[in-house]
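Novice: Below is the structure, and that's it, no one-letter string:
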């Protein structure tokens, strides 16, 4: 049976609409899209036990502090305070572990000011050795509720890889 030309055109149009719809749906539901906010330096961490942190990675611009990248974490759970004296631990597969120096003292608003209890800041410079590609990373944050562990999303892991790659070049 031979199709009329207009039916063929309608069939092709419908196929394109379905393909476009599937592409948009897949991009909305993919893990990369789900963590898109985490790939631009802004992070949301949730340990599943009611502890939530917001974070961001940025370049230090304080003239009184060493240059370099910082990871600032802010407690978003009620009554949770962050430890200002202990380092943050990052661990990955293949027995890779890193300790990120606690730089919370840089958070003081002025000389002699108090460090905010709900914020901590860490050195997010180059990770040496570079984390193994494709393996998950876990971040352990010292807090008033003990050491809190968060599994990083694929977007957050990719951000760390990108930062380390940029440092090495």
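Specialist: It's in. Owing to the predicted nature of the structure, the values given are computational and were not obtained by experimental measurement.

Novice: mind listing the helices in the protein by residue range?
Specialist: With helices called from DSSP state H, the chain shows them at 5-29, 31-34, 154-168.

Novice: Could you identify which of those helices has the lowest mean pLDDT?
Specialist: Set side by side, the helices of the chain differ in mean pLDDT, and helix 31-34 is lowest with a mean of 34.

Novice: By mean pLDDT, flag the weakest helix or strand of this structure.
Specialist: When the helices and strands of the chain are scored by mean pLDDT, DSSP states H and E, helix 31-34 comes last with a mean of 34.

Novice: how far away is the residue sitting nearest the centre point of the chain from residue 77?
Specialist: Centrality entry for the chain: nearest residue to the mean C-alpha point is residue 156, 3.3 Å, by Cα atoms, centre = their mean. In this structure, residue 156 and residue 77 are 19 Å apart, going by Cβ to Cβ, to the nearest Å. (Each C-beta comes from the backbone N, C-alpha and C, glycine too.)

Novice: Next: residue 95.
Specialist: 31 Å.

Novice: shaky segments in the chain?
Specialist: Applying pLDDT under 70 to the predicted model, the residue ranges of the chain that meet it are 1-41, 64, 109-112, 168-169.

Novice: For it, which segments are assigned as strands?
Specialist: Here the chain has its strands, by DSSP state E, at 42-46, 52-59, 69-75, 88-92, 96-100, 119-123, 137-143, 146-151.

Novice: tell me the most buried of those strands?
Specialist: Of all those, strand 119-123 has the most neighbours on average by mean count of other Cβ atoms under 10 Å, namely a mean of 23.

Novice: more neighbours, residue 95 and residue 77?
Specialist: Looking at residue 95 and residue 77 with other Cβ atoms under 10 Å, you find the greater number of neighbours at residue 77, namely 16 against 6.

Novice: Please name the residues that touch the more buried one.
Specialist: Taking Cβ atoms under 8 Å, 6 or more residues apart in numbering as the contact definition, residue 77 lies against 50, 51, 52, 53.

Novice: One more: residue 97?
Specialist: Residues 89, 90, 91 are the ones in contact with residue 97 under the rule Cβ under 8 Å, 6+ apart.
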